[in-house]
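Asker: quick one: sequence plus predicted model below, questions after.
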Amino acid sequence: MFEERFMLADGVLFEIVFHSRSNYRLACLKDNRLLVECSSASAYEFKSVEQLRYDFERDAEDALRQG
């Protein structure tokens, strides 16, 4: 099991919870508003931890650029 939460200086919060291939959540929030989420409860297709992290980081960067 792995859990990590960290906040950037601009108030962006990242939450990473990984229990198994079938139980995980990566979320990016700003001002308590969910910007991006990849989770076992969503339609995200899990291929590998590396791909999950890459996809999440790319989506989070895009969401933060947009606003």
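Answerer: Ah, there it is.
Asker: which stretches in this structure count as helices?
Answerer: With DSSP state H applied, the chain shows helices at 49-66, listed in chain order.
Asker: tell me the residue in it that is farthest from the middle.
Answerer: residue 9 (17.6 Å; CA atoms, centre = their mean).
Asker: which stretches of this protein form strands?
Answerer: Under the criterion DSSP state E, the chain carries strands at the ranges 2-7, 12-20, 23-30, 33-39.
Asker: sketch out the low-pLDDT regions of the protein for me.
Answerer: Low-confidence segments of the chain, defined by pLDDT under 70, are absent; every residue clears the threshold.
Asker: thinking again about what came up before, would you list the strands of the chain in JSON lines and tack on mean neighbour count?
Answerer: The C-beta positions use only the backbone N, C-alpha and C, and glycine is treated the same way. Formatted as JSON lines, the strands of the chain follow (neighbours: other CB atoms under 10 Å):
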{"stretch": "strand 2-7", "mean neighbour count": "10"}
{"stretch": "strand 12-20", "mean neighbour count": "15"}
{"stretch": "strand 23-30", "mean neighbour count": "18"}
{"stretch": "strand 33-39", "mean neighbour count": "16"}
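Asker: hang on, isn't residue 52 packed against residue 24?
Answerer: Yes - between residue 52 and residue 24 there is a contact under CB atoms under 8 Å: 7.2 Å.
Asker: which residues do the two both contact?
Answerer: Residues touching both residue 52 and residue 24 (CB atoms under 8 Å, 6 or more residues apart in numbering): 38, 46.
Asker: got a list of what residue 6 touches?
Answerer: Contact criterion CB under 8 Å, 6+ apart gives 13, 14 as the residues in contact with residue 6.
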